[in-house]
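Colleague: I would like the atomic coordinates for the input below:
(one chain, ligands or ions: 1)
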Amino acid sequence: MSKPHIRLGVNVLASGRHDAAWKTFDDKAALSTDIDHFVAIAKAAERGLLDAIFLADNPGGLVSESYTRPWRALDPAVLVSHLSAHTRHIGLVCTTTSLFGHPYTIARQIASIDHVSRGRAAWNVITSQNPPALHAYGVDKGWDQAERYERAEEFVQIVTQFWDSVPEGSVAADVERTVYLDPSRLRKLDYEGRHFRARGASSVPETPQGRPVIFQAGQSADSRAFGARYADALFTGQRVLDGARSFYSEVKGLATRYGRNPDHLLVMPGLFPILASTDEEAQRHKRRLDDLLDSVALREELARHLAVDAALLADLDAPIPYRETEANEHLVPTASRWHRKEMLKEAKANGWNIRALLFSNITGGHRIFVGTPEGFADDMLHWVDTKGADGFNLNIDVQPTGLDLIADEVIPVLQRRGRFRTAYEGQTLRDNLGLPRFEAANVSPDTTPYFARELAGAA
Ligand SMILES: Cc1cc2nc3c(=O)[nH]c(=O)nc-3n(C[C@H](O)[C@H](O)[C@H](O)COP(=O)(O)O)c2cc1C
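Modeller: From the prediction side, this is the model:
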């Protein structure tokens, strides 16, 4: 049997994943909002035949990173609908919260993007609740873990039921009888959850993909069960292959237990390549970018992640204070624990000192690869072939220039090895990801309550 193609998306960031990327641009002030810049990134990704561009989001207010680098400013739904007009094939992943606001707004937005892009929309469901976002939405206090996932589940059930509510064939367009929309065909919902209620049918008819693709990003046991139940693809942070392999086999197993085909749940960890024509040149390129960082601020950030006093990290060539970080784990907010755990796992596996950890993408959280395009292609294939991933969500150091290297140097290597497309396979994102069109007519609405607690409890 031939080996599978690798799936590749790109995380669209205003200037790039490297925290100092913005300092390398001539026009620095407009980076968060410059639409031409985003169009250039989307076009470079499509030239590389990547599966999707991925718009992460901090829904709501500014977060701490907004004060030190360009941030995610534009509403991702508005941004991707503009980008859809400048691209023809690439998937458009739009991140929104599943905890607050109303699911109908999201159902309508994402379905509309699927229509305007002719079947390229995906919804990335997140469950974060950082205070600035909650405050912007007028919510005083977040929810505990169980309640977060109860809310998220109701949210997704309502969104998907709205997506299925005006099935193909509902538009009769019957001139003789003057019936445009046939009400007998509608699958109206009447949803009364603990947290959200909704009734009626969407204004948006069934979309080209049947349902837009669902991505999900999270890390906890609840999040894994939630993703395995509802998502088509999981975005995750995995810095060490062994951990990635356990994550992979766990979520594929959960999908099977939910009666799903595990091949229809793609696993795409984030990955941050820093590339050049030789390994030494790639290291030099990374150092040039690292030298632009404010190492004092970075050390303070690392101290916050590790929940230790910054003074403990003063000597960059000293060993990492594992004992203190472990003792202080309870001080770290739950949502940041995966990030810190992954960083420390990687540091331990590689015998890093404080300096190596400090310059290993502590703010982005994803694994860094520094080396040649050929080495990078091999590294990704090794992860795919040892069942650590189906593909990756690439975080590019400086965009769009770093993406040109992916399109011109990395993709041709993967193609020569028979592991990447040489042309887009189909029109829709589902076609290109190898996922079947969603046939709403064949499923009854999701109403299974509180999957995560049931399944996580049973595991
Ligand atoms: C790879 C990855 C990407 C994420 N992307 C976003 C994002 O763009 N915006 C956001 O607000 N939260 C994002 N999150 C946060 C998750 O949605 C979730 O809130 C977080 O993982 C904590 O929940 P958990 O402990 O249940 O996993 C991301 C998480 C992961 C692991």
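Colleague: Just the terminal-to-terminal distance for stretch 193-205.
Modeller: 24 Å (Cα to Cα, to the nearest Å).
Colleague: So for it, what gets flagged as buried?
Modeller: For stretch 193-205, the neighbour count (16 or more other Cβ atoms under 10 Å) marks Gly193, His195, Phe196, Ala198, Ala201, Ser202, Val204, Pro205 as buried. Heads up, the C-betas are built off the backbone N, CA and C, glycines and all.
Colleague: Contact residues of the stretch 101-250 of the chain facing the ligand?
Modeller: Ile126, Thr127, Ser128, Ala217, Gly218, Gln219, Ser220, Asp222, Ser223, Phe235, Thr236, Gly237 (Cβ under 6 Å from any ligand atom).
Colleague: Which helix or strand contains the closest residue to Thr68 other than its chain neighbours?
Modeller: In space, and not counting its chain neighbours, Thr68 is closest to Ala297: 6.6 Å by Cβ to Cβ, 6 or more residues apart in numbering. For Ala297, the host element (DSSP states H and E) is helix 295-306.
Colleague: mind listing the strands for the stretch 251-400 of the chain?
Modeller: Counting by DSSP state E, counting those that start in this stretch, the stretch 251-400 of the chain has strands at residues 266-275, 367-371, 391-394.
Colleague: so the first one versus strand 367-371, what angle?
Modeller: Taking axes from the mean of the first three to the mean of the last three Cα atoms, to 10 degrees, one finds that strand 266-275 is oriented at 40 degrees with respect to strand 367-371.
Colleague: tell me the phi and psi of Gly9?
Modeller: Torsion angles at Gly9 (phi, psi; degrees, to the nearest 10) stand at phi -120, psi 170.
Colleague: That one: what's it in contact with?
Modeller: The contact partners of Gly9, by Cβ atoms under 8 Å, 6 or more residues apart in numbering, come to Leu50, Asp51, Ala52, Ile53, Phe54, Gly91, Val93, Met268, Gly391, Phe392, Asn393, Leu394.
Colleague: try His382
Modeller: Here His382 is in contact with Leu241 (Cβ under 8 Å, 6+ apart).
Colleague: Comparing the strands of the stretch 251-400 of the chain, which stretch has the densest surroundings?
Modeller: strand 391-394 (a mean of 27; mean count of other Cβ atoms under 10 Å).
Colleague: Only alpha carbons, please: show the helix or strand just after that strand as PDB.
Modeller: Of the helices and strands lying after strand 391-394 in sequence (DSSP H and E), the nearest is helix 401-405. The C-alpha atoms that make up helix 401-405 are tabulated as PDB, following Å, rounded to 0.1, in the frame of the first residue of the first chain:
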ATOM      1  CA  THR A 401       9.300  35.000   2.900                       C
ATOM      2  CA  GLY A 402       9.600  31.900   5.000                       C
ATOM      3  CA  LEU A 403       6.600  30.400   3.200                       C
ATOM      4  CA  ASP A 404       8.400  30.800  -0.200                       C
ATOM      5  CA  LEU A 405      11.000  28.400   1.100                       C
END
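Colleague: Kind regards, and thank you for your time.
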